[in-house]
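S.K.: This is a predicted model, with the sequence first.
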Amino acid sequence: MGSRTVSTRTSTGYWRTAGLLLTACGWLAGCGSGQNWQSGSPTVSIGGTVSGLTQPLTLTNNGVDPISVSNGTFQFDSVLKNGANYAVAIQAQPVGQTCSIQNGSGTAMQNITNVAVTCVNNPTIGGTVTGLTGTLVLQNNASDTLTITSNGSFQFSRALPVNSTYFVAIQSQPQGETCSLSNASGTVTATVTNVTVTCTTFTLRPLPAIYRTSPAINYSPYRAGGPGLGEVPSNDNILQDLTLLHSAGYKLLRLFGSDQVSQNILTVASQHFPDLQFQLGIYLEGAPANCLDALNSAQISKGISLANAYSNVATVSVGNETSFAANLPVNCLAQYIQQVRSAIQQPVTADDDYSFYAGFTSSGERPTTILPLLDFVSMHVYPFLDYAQWNWQQTSVATSGRASAMMNAALAFAQQAYGQVANMTYTTAAGHSTTVGASLPIVIGETGWKAVKTNSQNLIETDAANPVNAKWYGDLMTTWRSQSGAPVAIFLFEGFDEAWKNTDDGWGLWDASRTPRYALCGLVSVPNAPTCTNPLYSGAGYYQ
């Protein structure tokens, strides 16, 4: 029968044997059915407390085991193995409240009773209105609409979850007034009561005299990778550029963005050329429907700061072809314009393509929302780029006169575009129906002609991207501006070539090395200016 164990009957021997058995059990995961000698239980429960809850709430653990809870203690129905992980989550936030969880996850070595679920009522958004004499319509996050007819406090009806964002905008201005907002956006952590709406009678701010007396030009100082690669031109390079532009008689310059580079330009100009003035740009990218965008906010904040700090900022332009490009909702643009205009003293505009200001962009965006908010219109027109819309080839004209016919047709196209903008009807802040031309100064913020071919996809470039044509077009613009009924100012595009723009390069009066092109011929004040030929436009390109 094999070997046998002989029991020792003495008490001392008995307890020695039992002690060995207990020690052996300590080494093993368990001894006997359902026993756990290490913790006393092979399973643990998960629970805690709920406070502040006013609506039904469902919790889960590890994505399963849903339970409905109320204020007080709770415990999940299922237990976990000792040492298992747990993760308590809210299946869906209760209506009108935001709940958060503390101590909600970990490794359960014993029963868990300290999971804390705290619920708070969702905060609302509100503030005060002053100066209102009519009816104002506000909107929060492009959805919650509120009509206001009196001064005092207001509050949107829709509460927002904690840590969500809000953006209050003006959907409809009161007749005869323009209202502006402050503290209008942010992240909700508690009820908001400091949104401020200030309404005043809208009064046009006149354009500075330099718009009528000086040639104007678009200026960008980048010489290498451009703003997308974080290039910051040196102050010496900026001084060289401003010296050249000043030598050619350009004392009104348009900048495209509000950042450190623009600040450097304004600083260098104020130190060396106090007669230079600037149309400061605020660059805007696309934005969601609620208009909250970090880059746009930074540009607006910097633009306001620069306009208030530098006396050489003559005007401010909010955005550049945002509606034409259809990358920014026009309601957001309107909100940005109001935000800027309420914080500065200079006249305000928004640079965009003529097709937007004439009311027929393919995106369907129309200017009637922003026209009552502007002090002047800054439109862009490029016959060279819009060559498919006019007869640039002029094949019915003999080759000896074809270049002249083409350039005159280009001028006619620009004049037609200007007329379409001038005839655009809208309702002013005072509630009067009028046309742009009858109510607002019109500036051509961008126009020009390519001096070199950079894009073979544009048919006109093969024959007419030519420095002589560029001079010809610039001369036509100068002559037009001197005539009655013409734009107040015409900003040529542009001062210097920018290789970083690739196929959109080649517009400069100077090339990238700051060598003057034929457009500057005969200007003795410009270093190394070319000599004009006789006839002046000999060598111009045309369709052949």
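M.R.: Everything's here; your move. Numbering: from 1, shown residues only.

S.K.: Stretch 428-436: which residues count as buried?
M.R.: Residues of stretch 428-436 classed as buried by neighbour count (16 or more other CB atoms under 10 Å): T428, A429, V436. In short, each C-beta sits where N, CA and C put it, glycine included.

S.K.: swap in stretch 56-64?
M.R.: Buried positions in stretch 56-64, judged by neighbour count with 16+ other CB under 10 Å: L57, L59, N61, N62.

S.K.: Stretch 183-201 too?
M.R.: For stretch 183-201, a neighbour-count test (16+ other CB under 10 Å) marks A184, S185, V188, V192, V195, V197, C199 as buried.

S.K.: In JSON lines: the residues you listed, plus distance to G419 and pLDDT.
M.R.: Output for those, formatted as JSON lines (distance: CB to CB, whole Å; pLDDT from 0 to 100):
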{"residue": "A184", "distance to G419": "37", "pLDDT": "91"}
{"residue": "S185", "distance to G419": "39", "pLDDT": "89"}
{"residue": "V188", "distance to G419": "48", "pLDDT": "93"}
{"residue": "V192", "distance to G419": "47", "pLDDT": "97"}
{"residue": "V195", "distance to G419": "42", "pLDDT": "97"}
{"residue": "V197", "distance to G419": "38", "pLDDT": "96"}
{"residue": "C199", "distance to G419": "35", "pLDDT": "92"}
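
S.K.: What about these, which are in strands?
M.R.: Judged by DSSP state E, these include S185, V192, V195, V197, C199 as members of strands.

S.K.: quick one: which of those residues is nearest G508?
M.R.: S185 (38.9 Å; CB to CB).

S.K.: from the middle of its chain, how far away would stretch 308-320 be?
M.R.: Offset of stretch 308-320 from its chain centre (CA atoms, centre = their mean, to the nearest Å): 18 Å.

S.K.: ok, now stretch 468-485?
M.R.: Counting by CA atoms, centre = their mean, stretch 468-485 comes out at 34 Å from the chain centroid.

S.K.: List the buried residues in that stretch.
M.R.: Residues V468, N469, A470, K471, W472, Y473, G474, L476, M477, W480, R481 are the ones in stretch 468-485 that count as buried (16+ other CB under 10 Å).

S.K.: show me what contacts the fourth one?
M.R.: When contacts are counted by CB atoms under 8 Å, 6 or more residues apart in numbering, K471 is found next to R517, Y518, A519, C521, L536, Y537.

S.K.: measure the second one to L284 for me?
M.R.: Remark: distance between Y518 and L284 (CB to CB, to the nearest Å) = 35 Å.

S.K.: on that earlier part again, between the buried residues of stretch 468-485, which is closest to I170?
M.R.: Ranked by distance to I170 (CB to CB), these are led by R481 at 35.4 Å.

S.K.: Setting aside sequence neighbours, what's the nearest residue to the closest one?
M.R.: Sequence neighbours aside, I490 is the residue nearest to R481 in space, at 5.1 Å (criterion: CB to CB, 6 or more residues apart in numbering).

S.K.: Report how many residues lie close to P535.
M.R.: The local packing of P535 (other CB atoms under 10 Å) involves 8 other residues.

S.K.: distance of it from V468?
M.R.: P535 is 10 Å from V468, where distance means CB to CB.

S.K.: Not including adjacent chain positions, what is the nearest residue to N423?
M.R.: Once flanking residues are discounted, N423 sits nearest to T435: 5.6 Å by CB to CB, 6+ apart.
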